[in-house]
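Chemist: here you go, sequence then predicted model.
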Amino acid sequence: MIKNYFKIAFRNLKKNKGYAVINIGGLAIGMLCSILILLWVLNETSYDKFHNNSNSIYRLTTNVDDLNFKTAVTPAGMSEELQSEIPEIVSTVRLSKPVTGLFEVGMKKFEEQHVFYADANFLDMFTFPLLEGDPKTALASPDDILITEKTARKYFGNESALGKVIRKDNGENFIVSGVLADVPSNSHLQFDIILPMSHLAKTNRDLITKTWGNFNFYTYIQFNKSAISTSSSISNLAHKINDLYLSKKQKVKVDFQLQHLTDIHLHSNLQIDLAGQGNIQYVNVFFIVAIVILIVACINFMNLATARSSRRAKEVGLRKVIGAKKTELIIQFLSESVLISFMALLIALGLVYLLLPAFNDLVGKELNLNLLDWKGPVALIVMTLLTGLFAGSYPALLLSSFTPIRVLKGKIKLGGRDQLFRNSLVISQFVVSVVLLIGTAVIYTQLNFIKDKNLGFNKENLIYIPMKGEVWGKQDALKTALLQNPLTEDFTVVSNLPANLATGTIDVQWEGRDPNSQILFPNIDVDDRFLEVFGMETITGRGFSKEFKSDSSNYVINEKAMQVMGMDIKNAVGKTLSFSGRKGTIVGVVKDFNFKPLQYAIEPLVLRLNKYGGIVVVRTTTGNTKTTIAALEKIYATLNPAYPFAYNFIDQDLENQYHGEQQMGIIFNVFALLAIFISCLGLYGLSAYMGEQRIKEIGIRKVLGANVPGLIHTLSKDFFKFILIAFLVAVPLAWYLMHKWLEDFAFHISIKWWMFAGAGLIMTIITLATIGYQTIRTALANPINSLRSE
């Protein structure tokens, strides 16, 4: 029986090629979008699950409520005491913040940027397979070094790296104690080299003193599985950790929280965190988009199948006359829709393999569709079956409900409930389309706002060079060389860039401060040229100057700091300020500028004078950038020959801060356009259906003298009603969704009326273009042909 149904389905598809192309094509595009999005979603939700102990590992995070400051770093001294004082803890591991270093083997030199210091039990807690070496002793000695397989090939080719010497920063020698398999892309820890924490402990003051006061290390904790069986038990463990911290009587009042290892990638949103973290909001949004696109494709199928219902009515009538039951007819039509769904799947899979490399470039992933693993094919089959059954359900029920006597006489009239349902399908497509259009407009405008916003300083044409190696001790010579070249004389030396400043102190005192308040003050050590080179504006007082020797103990603050301290533009200059125990005078107030991504509000900032820093920033002039870089490279090579010259542009760094948002914006726009295209196919189907149903009515109207424009209006007015209803539903929905997204940014656009009006206008134009052909064709039809059967 089923075999016969498939034969009939093939005949119908062959007979109605246009219908087949549109229907199968719409479902194929819908499946393509859904498969690509779901591959990305599955990858995002798979982070760190490959570790054997992933269920029992947590990261300690720091929440300072009074400062509205949440960070991923913790004090260096906590790890050891936590393990000794809390019996539920199996082990703890500390990781440093990622560091950069020059590593060399023979004549090969590479500046590595993905380097961590880790405790000796790092490989006991985390499942990073060791290809060479012993995981128990790989980090036991301060001179050990772990490298990944990719790094080993880079330095040693095909030779075994075990036992080989790697030199760091032109000084220290490390012995390769292990070669790790390359880190999986779905790990929140991305590294090329691991160095022993015991080596860093030789010089790092936090590790030497085992401080509980400075927050500079990532702490991971593995618990007994029985101790973390419920959420309340996890909460109790966090309380124990906080009680231990309180017993140390530190100045900073914090609340330590436990973050599950597999939640780190998507649920962090913390400052001083590892780069490359995801966003659960985007995962949820795109998962919903995948489902919506597939539903839109199914609605498109329903509309097209309904449009053809009158053509198959007599087939249904004849089958019922010769004894076919309603259930058999439902199975027949569902079989057809499932067959079409599987045909669409085959096309979608071909498109996936064709477009996956481009999609990977877009999302920065290495996604693949593995059909050899049974889970993949089973998931695709289930998705296809559900799609076919859902898409074919309404047409199957509709066609199987026809009365044989009426359809054989040509009297096919659908009830009001069917009409309402079908109209609802179209309206829902319009709602989706309008929401996507509004979303596209808001996202595009916000991303442009981020790109073009005046940050309070001139970000263009600023090159910066981190100081490494010998140049650290030759800063006076470096400044002299820069001043002697007209291309490089416009420079400043700073401790940090005003781009993503994440450190600070609460040890700031001023007259009238509430002793119980906790306010975090980030700071930048700058020279006397800083404000000028960055093009910053002072609103009162002055910047630092060589003419005032006392400036070495003075301060410049920003507007926000002035407000926090209860001062104003008239009395701020001349006030006493103590920063980290160093007392001085406020000599100027600089206009607020953004020194963190725009997701964060501007915080109080203190600038201190220090003629030595770790970064040189040079302002170039338009057209001279290449020659300026060449001049800088020559100066750098003279003063620091052992280190490779490296530079970056501040505006590029600022743009990279929003790479995730830019990436998601492009993906959203692409899939929004595809969803709207699928909706257009549905509209085309409905216009064909309505034209087919009203062909005799149009013929009568033409005989009675109706003109073509009037007939086009008659055929189109229902669609404009649908657009209006959909617009009224879509506007509040889109406003709410976009408002929630914009809340992630402290600085964002306002949602303007033109975004809604533009979406409505574009949807109207798209609708007219989509239904225009069928509408005009019906209006121009010869009434003799349409009335001949009467």
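Modeler: Happy to help now that I have it.
Chemist: before we move on, which element is I166 in?
Modeler: strand 165-168 (DSSP states H and E).
Chemist: oh sorry, the question was meant for L673
Modeler: helix 659-693.
Chemist: next, count neighbours for the closest residue to V616 other than its chain neighbours.
Modeler: Nearest residue to V616 in three dimensions, chain neighbours excluded: I465, at 4.9 Å (Cβ to Cβ, 6 or more residues apart in numbering). C-beta here means a position set from N, CA and C on the backbone, and glycine is covered the same way. By other Cβ atoms under 10 Å, 22 other residues sit near I465.
Chemist: tell me the helix or strand right after the strand holding I166.
Modeler: Heading C-terminal from strand 165-168 (DSSP H and E), you reach strand 172-180.
Chemist: may I have that next one as PDB, with CA atoms only?
Modeler: Extracted C-alpha coordinates of strand 172-180, given in PDB (Å, rounded to 0.1, in the frame of the first residue of the first chain):
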ATOM      1  CA  GLU A 172      65.600  30.800  30.500                       C
ATOM      2  CA  ASN A 173      65.800  27.200  29.200                       C
ATOM      3  CA  PHE A 174      62.900  24.800  29.600                       C
ATOM      4  CA  ILE A 175      63.000  21.000  28.900                       C
ATOM      5  CA  VAL A 176      60.000  19.500  27.000                       C
ATOM      6  CA  SER A 177      58.400  17.100  29.400                       C
ATOM      7  CA  GLY A 178      55.400  16.300  27.400                       C
ATOM      8  CA  VAL A 179      53.600  16.700  24.000                       C
ATOM      9  CA  LEU A 180      49.900  17.200  24.200                       C
END
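Chemist: check the offset of it from the chain's centre.
Modeler: 35 Å (Cα atoms, centre = their mean, to the nearest Å).
Chemist: also stretch 569-582?
Modeler: Distance, centroid of stretch 569-582 to centroid of chain: 41 Å (Cα atoms, centre = their mean).
Chemist: next one: stretch 59-69
Modeler: 23 Å.
Chemist: over to stretch 38-50?
Modeler: Chain-centre distance of stretch 38-50: 13 Å, with Cα atoms, centre = their mean.
Chemist: and it, average pLDDT?
Modeler: Averaging pLDDT along stretch 38-50 yields 94.
Chemist: what comes into contact with that stretch?
Modeler: For stretch 38-50, contacts defined as Cβ atoms under 8 Å, 6 or more residues apart in numbering pick out 54, 127, 184-188, 261-262, 264-266, 278, 283, 286-287, 290, 356, 359, 363, 365, 367-369.
Chemist: residue ranges of each domain in the chain, please.
Modeler: Domain segmentation of the chain under automatic domain parsing yields 1-45+277-413, 54-263, 430-456+657-790, 462-656.
Chemist: and of the ones you listed, who's closest to R422?
Modeler: domain 1-45+277-413 (5.9 Å; Cβ to Cβ).
Chemist: hmm, back to that, comparing the domains of the chain by mean pLDDT, which bottoms out?
Modeler: Mean pLDDT is lowest for domain 1-45+277-413 among the domains of the chain, at a mean of 78.
Chemist: pull out the buried positions in the strand or helix carrying L362.
Modeler: According to DSSP H and E, L362 maps onto helix 326-363. For helix 326-363, burial by neighbour count (16 or more other Cβ atoms under 10 Å) applies to 329-345, 347-349, 351-352, 356, 359-360, 363.
Chemist: likewise stretch 599-609?
Modeler: Neighbour count says stretch 599-609 has Q599, Y600, I602, E603, P604, L605, V606, L607, R608, L609 buried, by 16+ other Cβ under 10 Å.
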